[in-house]
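Peer 1: My questions are about this predicted structure, shown below with the sequence.
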Amino acid sequence: MPSPSSAATGPEPSPTVPAAADPAVLPTHEPAAADLAMLATRAASNLLTPPPVRLDAVVPAPERVEADPTTTFLLTGDTAIRVTAHPGARAVAEHLAELLRPVTGFPLPIADSVEVAPAGDLTLTLAHTPATPAPAPAPATTLGAEGYRLDVTTTEVRITAETAAGLFHGVQSLRQLLPAAVESPTPVDARWALPGGSIVDRPRFAYRGAMLDVARHFFAVEDVLRVIDHLARYKLNHLHLHLTDDQGWRIAVGSWPKLTTLGGTTEVGGGPGGHYTKTDYQKIVEYAATRHITVVPEIDLPGHTNSALVAYPELAPDKVAPPPYTGTEVGFSYVDPADERTYDFVADVLGELAALTPGPWLHIGGDEAFKVKGEVYTGFVERVQRIVAGLGKTVVGWHQLAPAAHVDGRVLQWWGTNGEDPTTGDAVRRGARLILSPGNHAYLDMKYAPDTPIGHDWAGLIDVRTAYDWDPGTHLAGVPAEAVLGVEAPLWTESVTSLAEIEYLLLPRLPAIAELGWSPRAAHDWAGFRERLAGHGPRWATAGITFHRTPEIPWPAVPAIPRQHEATQSDPTSPR
């Protein structure tokens, strides 16, 4: 791991797509005759009171938006959720209901749709009118594994996708189109209006993630779940957990128990440390899966291993246990690459972790092993890569792995700062794919400005515009866009000690990285992004989320929220 504005202009008009030309066009439900008078009254009211959020206000920016300013959907106590009879779709419907029921007070019953959906097609529908038979929607053959279509009419909100992940992402857009009060943990008396029109959306890159370092400072399961929710809001789909480092070992390994009983009891600054039991880790993995997020665990090798050597000195080159380390220097520790016991250790640890991790990735670190050089280093990496492959997983490592021989599927995570890296470029030509995490754009442990109270500046200061103003498809010289698997925003925690500090460094920069990973290149526009992002300040404030009120963003005032009744404020750290 690496050591430690402009004036606002209005957003550019969103590109439109003619509904009849899109393969995901859906038929609309005709209202029953008895509902026509009610619909006419509602339409008149909508013209007088338009929704507070525009259809093109979503972050990340959708691929295509076609707004209908004459149409508004009102969520009421009579609204129901109808969903295709599919377990994945049903789970998304439950998630939507869990988001909306507490704040609206509406029952929002969930029922299987009476429509017969084509094979592979999922629909989730909000509707005022009783469910009535209707022609089956056309298959959404171009939406892909994570895309969705969102249609809002006066009578219905319909999200269509090919997968449950696509439905889930559509729900996150729907959530952003409701008033900011939807983020309240207690009931609110509000007009729950959605702007009319259609969104067709899918991601630019398959891998969109963030990294949380739980090794330098340990964070409880509840804190990690809260971070997962932040990722889900902005359609990020991977959480990289940096589980081991010099300062602490954070994951239980049954065959090497001292890794946590001895190696997990320290952290930067001398705190008590901590670790995740296998049950804890499974809870994180399963919770992430409900948000369609894949956990990518990292065991840092061959360096950054002081905590492992404290527990098992036979892994050390001199077979002597070093003292526990609570500082922030790097590059001094390593496991013995010449001892077969080291490879037994690696195979056991990665084998147990692979069994707990349903996702395809195992991250093996590989950076800053300054005392393991040349052929010794590449030989170690190549052997560990083979261990990962033998476990049926795909190896991920920091870009220092580049000189090692290629294995099928290998992914390098690049954290450089100058866009020139011939060695990594050569690894790409041999078949490697890249996750881009440029230190001077994507490292969210960097300070926003010189007076930021926490964070570092070794890679430079990263304000929101700096986090936003780069293109993953062209950033690294000599690397074609098709070799870029995606983007990731790492958050190292040498200076971070609490959930509030995590949130302060994540927000508002995390949505910037999310937009680079999700939105088409043509949609990247700083002026438009800062205006859209500004609307999220009241949402975060309403939800009790800490964030940095950078002067780059024209934050609106947080309006007073009319409560339906007095209630005990929920714990702001509970996941939502």
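Peer 2: Arrived safely, thanks for sending.
Peer 1: Do a quick rundown of the helices in the stretch 301-450 of the chain.
Peer 2: Residue ranges of the helices in the stretch 301-450 of the chain, as given by DSSP state H, counting those that start in this stretch, are 306-311, 340-356, 374-390, 422-429, 439-442.
Peer 1: Can you tell me which of these is nearest to Thr290?
Peer 2: Of all the helices of the stretch 301-450 of the chain, it is helix 340-356 that lies closest to Thr290, at 16.8 Å by Cβ to Cβ. From N, CA and C alone the C-beta is placed, and that goes for glycine too.
Peer 1: Which strands and helices lie in contact with that closest one?
Peer 2: Here helix 340-356 touches helix 278-290, strand 294-301, strand 361-365, helix 374-390, going by 3 or more Cβ pairs under 8 Å, 6 or more residues apart in numbering; DSSP states H and E.
Peer 1: who touches it?
Peer 2: Helix 340-356 is touched from outside by 251, 253-256, 259, 278, 281-282, 285, 297, 299, 301-302, 308, 312, 314-315, 335-336, 362, 364, 383-384, 387-388, 391-393, with contacts defined as Cβ atoms under 8 Å, 6 or more residues apart in numbering.
Peer 1: What average pLDDT does it get?
Peer 2: Averaged across helix 340-356, pLDDT comes to 98.
Peer 1: Now do that helix: distance to the chain's middle.
Peer 2: 28 Å (Cα atoms, centre = their mean, to the nearest Å).
Peer 1: in that helix, what's buried?
Peer 2: Thr342, Tyr343, Phe345, Val346, Ala347, Val349, Leu350, Glu352, Leu353, Ala354, Leu356 (16 or more other Cβ atoms under 10 Å).
Peer 1: Need those in a markdown table (columns: distance to Arg291).
Peer 2: Shown next, in a markdown table, are these (distance: Cβ to Cβ, whole Å):
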| residue | distance to Arg291 |
| --- | --- |
| Thr342 | 36 |
| Tyr343 | 36 |
| Phe345 | 33 |
| Val346 | 31 |
| Ala347 | 31 |
| Val349 | 27 |
| Leu350 | 25 |
| Glu352 | 25 |
| Leu353 | 21 |
| Ala354 | 22 |
| Leu356 | 18 |
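Peer 1: tell me which of these is nearest to Thr72?
Peer 2: Closest to Thr72 out of the buried residues of helix 340-356 is Leu356 (46.8 Å), distances taken as Cβ to Cβ.
Peer 1: and that closest one, how far is that from His86?
Peer 2: Relative to His86, Leu356 is positioned 27 Å away (Cβ to Cβ, to the nearest Å).
Peer 1: cool, and Asp408?
Peer 2: Taking Cβ to Cβ, one finds Asp408 at 33 Å from His86.
Peer 1: Same question for Val310.
Peer 2: Taken as Cβ to Cβ, the span from Val310 to His86 is 49 Å.
Peer 1: Which of the two has more residues huddled nearby?
Peer 2: Between Val310 and His86, counted using other Cβ atoms under 10 Å, the more crowded position is Val310 (25 against 21).
Peer 1: Let me see the contact set for the more buried one.
Peer 2: Taking Cβ under 8 Å, 6+ apart, we find Val310 in contact with Leu262, Gly263, Ala321, Pro322, Pro323, Pro324.
Peer 1: For His441, give me its contacts.
Peer 2: By Cβ under 8 Å, 6+ apart, the neighbours of His441 are Ile462, Thr466, Ala467, Asp469, Trp470.
Peer 1: wait, Leu143
Peer 2: Leu143 sits in contact with Ala24, Arg149, Thr160, Ala161, Glu162, Gly166, Val200, Arg202, where contact means Cβ under 8 Å, 6+ apart.
Peer 1: Hmm, the fifth one is touching Thr142, no?
Peer 2: It refers to Glu162. No - checked against Cβ atoms under 8 Å, the pair Glu162 and Thr142 is beyond contact range at 9.0 Å.
Peer 1: Which one of the two is surrounded by more residues?
Peer 2: Taking neighbours as other Cβ under 10 Å, Glu162 and Thr142 compare with Glu162 leading, 22 against 13.
Peer 1: Just read off the phi/psi values of the more buried one.
Peer 2: Taking degrees, to the nearest 10, you get phi -90, psi -20 for the backbone angles of Glu162.
Peer 1: ditto for Leu444
Peer 2: Dihedral angles (degrees, to the nearest 10) for Leu444: phi -80, psi 0.
Peer 1: Excluding chain neighbours, what is closest to it?
Peer 2: Leaving aside its chain neighbours, Leu444 sits nearest to Leu491 (4.6 Å; criterion: Cβ to Cβ, 6 or more residues apart in numbering).
Peer 1: Ignoring the adjacent residues along the chain, who's closest to Ile502?
Peer 2: Closest residue to Ile502 in three dimensions, ignoring its sequence neighbours and counting by Cβ to Cβ, 6+ apart: Val496, at 5.9 Å.
Peer 1: er, Ala85 actually
Peer 2: Distance criterion Cβ to Cβ, 6+ apart; nearest residue to Ala85, sequence neighbours excluded, is Asp112 at 4.3 Å.
Peer 1: Endpoint to endpoint, stretch 50-62 covers what distance?
Peer 2: 21 Å (Cα to Cα, to the nearest Å).
Peer 1: before we move on, what about stretch 143-150?
Peer 2: Start-to-end, stretch 143-150 (Cα to Cα) is 12 Å.
Peer 1: do the same with stretch 427-447
Peer 2: One end of stretch 427-447 to the other measures 32 Å (Cα to Cα).
Peer 1: Then stretch 232-246?
Peer 2: End-to-end span of stretch 232-246 (Cα to Cα): 30 Å.
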